[in-house]
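Colleague: compute the structure for the input listed below.
(chains A and B)
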Number of protein chains: 2
Amino acid sequence: MKILMITEDRNDDSEVLYPFYRMQEQGWDVDVAALTKKTVASKYHFTVEANKSVAECNAADYDGLILPGGSAPEKLRLNADAVRLTKEIFAAGKPVCAICHGPQMLISADVVRGKKATCYPGIADDLKNAGALYEDAPVVVDGNLVTSRRPQDLPYWMREFVKLFK
Amino acid sequence: MKILMITEDRNDDSEVLYPFYRMQEQGWDVDVAALTKKTVASKYHFTVEANKSVAECNAADYDGLILPGGSAPEKLRLNADAVRLTKEIFAAGKPVCAICHGPQMLISADVVRGKKATCYPGIADDLKNAGALYEDAPVVVDGNLVTSRRPQDLPYWMREFVKLFK
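Modeller: So this is what the prediction gives:
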């Protein structure tokens, strides 16, 4: 399996760390894409190497997509390539997961209309306005979409994401 | 399953976070024990609730043990209860895993004699002096013992730990 994670500076450390290591534990490849190839600095301490820029990524090369939260999605949703990748991987029916503020990317990619989903409480109204059927739960699965609310939901989020590949 | 994690303040955030959430992803219970019941502050930003003191824990109540690193093990190895728990859970043949400076607990519990093991490079001489057959590898498994060197090894460490329960 080859998984794409799209993130940027000021992501939530744990929301990058956990899925990044979790995919490696599965034995799967993870490409991390940011606006440019660089060392991405999380909010508090940790860093992750973005080995790709979003511009150079092709949706067809990936089996799934991970969208962590933090302040990163507010920056990424303004980038056409980041939004395109989200839209295309979603449209291909491949597993897509987003946590916390990650669903801001789903809103900008306009893929949540009529879909059950959750997110950080502070952006719940935005998710509803984008047409999602919002639920306040640790993890919400609707077809190929897996969403969670916050770092404490990470175990439930990854459990459901991994399950979609079986 | 019921897993015990022993840690203290100034642990490495990722070495607590990853196994803590990973055990929950498995659907297993995790008790976190510190010198006292308290909010344990990792080195950089994150915290975890220690719902137990090491003094009140019984080895017989647990199916496995997790020993994260950071500066915490140097504090914990001076505590008789923390060392007793490590020794007893190990002696019962239950899975025990340690990463980075976590093996300092294995040294003080005197359980590595003749065992293949690894640790953070800076304490490799101490692990050898304690009688371990030191190997420089992302993860080393010898019977019920799983050891790793550093945060980047977390996926390999947890993969082998979880495998021991199958």
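
Colleague: for chain B, see how far away residue A:100 is.
Modeller: Distance, residue A:100 to chain B, by C-beta to the nearest C-beta, to the nearest Å: 14 Å. Where you see a C-beta, it was placed from the backbone N, CA and C, and this is true even at glycine.

Colleague: just checking, that residue touches residue A:154?
Modeller: No: applying C-beta atoms under 8 Å, one finds residue A:100 not in contact with residue A:154, separated by 9.6 Å.

Colleague: which strand residues bridge the residue nearest the centre of chain A?
Modeller: Centroid-nearest residue in chain A, with C-alpha atoms, centre = their mean: residue A:67, separated by 1.1 Å. Residue A:67 has these beta-bridge partners by DSSP bridges: residue A:98.

Colleague: who touches both of residue A:100 and residue A:154?
Modeller: Residues touching both residue A:100 and residue A:154 by C-beta atoms under 8 Å, 6 or more residues apart in numbering or on different chains: A:15, A:148.

Colleague: can you list the residues of chain A near chain B?
Modeller: Applying C-beta under 8 Å from any C-beta of the partner chain, one finds that chain A approaches chain B through A:13-14, A:17-18, A:21-25, A:43-46, A:154-156, A:158-159.

Colleague: and after the helix ranked longest in chain A, which helix or strand comes next?
Modeller: Criterion DSSP state H: the longest helix present in chain A is helix A:13-26. Beyond helix A:13-26 in the direction of the C-terminus, DSSP states H and E gives the next helix or strand as strand A:29-34.

Colleague: buried ones in that next one?
Modeller: Applying a neighbour-count criterion of 16 or more other C-beta atoms under 10 Å in any protein chain shown, the buried positions in strand A:29-34 are A:30-34.

Colleague: which positions in stretch A:79-99 come out as buried?
Modeller: Within stretch A:79-99, judged by 16+ other C-beta under 10 Å, the buried ones are A:79, A:81-83, A:85-90, A:94-99.

Colleague: so which of those are in strands?
Modeller: Judged by DSSP state E, the buried residues of stretch A:79-99 include A:96-99 as members of strands.

Colleague: using TSV, lay out those together with distance to residue B:106.
Modeller: What follows is these, written out as TSV (distance: C-beta to C-beta, whole Å):
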residue	distance to residue B:106
A:96	41
A:97	36
A:98	39
A:99	35
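
Colleague: just flag the most distant two among those.
Modeller: The largest separation in those, counting by C-beta to C-beta, is between A:96 and A:99 at 11.5 Å.

Colleague: who touches both of the two?
Modeller: Here residue A:96 and residue A:99 share the contacting residues residue A:67, scored by C-beta under 8 Å, 6+ apart.

Colleague: average model confidence for the helix or strand hosting residue A:126?
Modeller: Element membership for residue A:126 (DSSP H and E) is helix A:124-129. Averaging pLDDT along helix A:124-129 yields 98.

Colleague: then stretch A:71-83?
Modeller: Averaging pLDDT along stretch A:71-83 yields 98.

Colleague: same check, this time on stretch A:103-119
Modeller: The average pLDDT within stretch A:103-119 is 98.

Colleague: any idea how far residue A:83 is from the residue nearest to residue A:30 when sequence neighbours are not counted?
Modeller: Nearest residue to residue A:30 in three dimensions, chain neighbours excluded: residue A:23, at 4.5 Å (C-beta to C-beta, 6 or more residues apart in numbering or on different chains). According to C-beta to C-beta, to the nearest Å, residue A:23 and residue A:83 sit 22 Å apart.

Colleague: quick one: low-confidence parts of chain A?
Modeller: Residues of chain A that meet the criterion pLDDT under 70 are absent altogether.

Colleague: give the contact list for the spatially most distant residue from the centre of chain A.
Modeller: The centre of chain A is farthest from one residue, residue A:45, which by C-alpha atoms, centre = their mean lies 20.2 Å away. For residue A:45, the contacting residues are A:13, B:13, B:43-45, by C-beta under 8 Å, 6+ apart.

Colleague: show me how to select, in PyMOL, the buried members of these.
Modeller: In PyMOL, this line selects whichever of the contacts of residue A:45 come out buried by 16+ other C-beta under 10 Å:
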select buried, (chain A and resi 13) or (chain B and resi 13+43)
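
Colleague: and the contacts of residue A:45, which is closest to residue B:57?
Modeller: Nearest to residue B:57 out of the contacts of residue A:45 is residue B:13 (C-beta to C-beta; 23.0 Å).

Colleague: hmm, that closest one is touching residue B:46, no?
Modeller: Yes: counting by C-beta under 8 Å, residue B:13 does reach residue B:46; the two are 4.4 Å apart.

Colleague: which neighbours do these two share?
Modeller: Residues touching both residue B:13 and residue B:46 (C-beta under 8 Å, 6+ apart): residue A:13.
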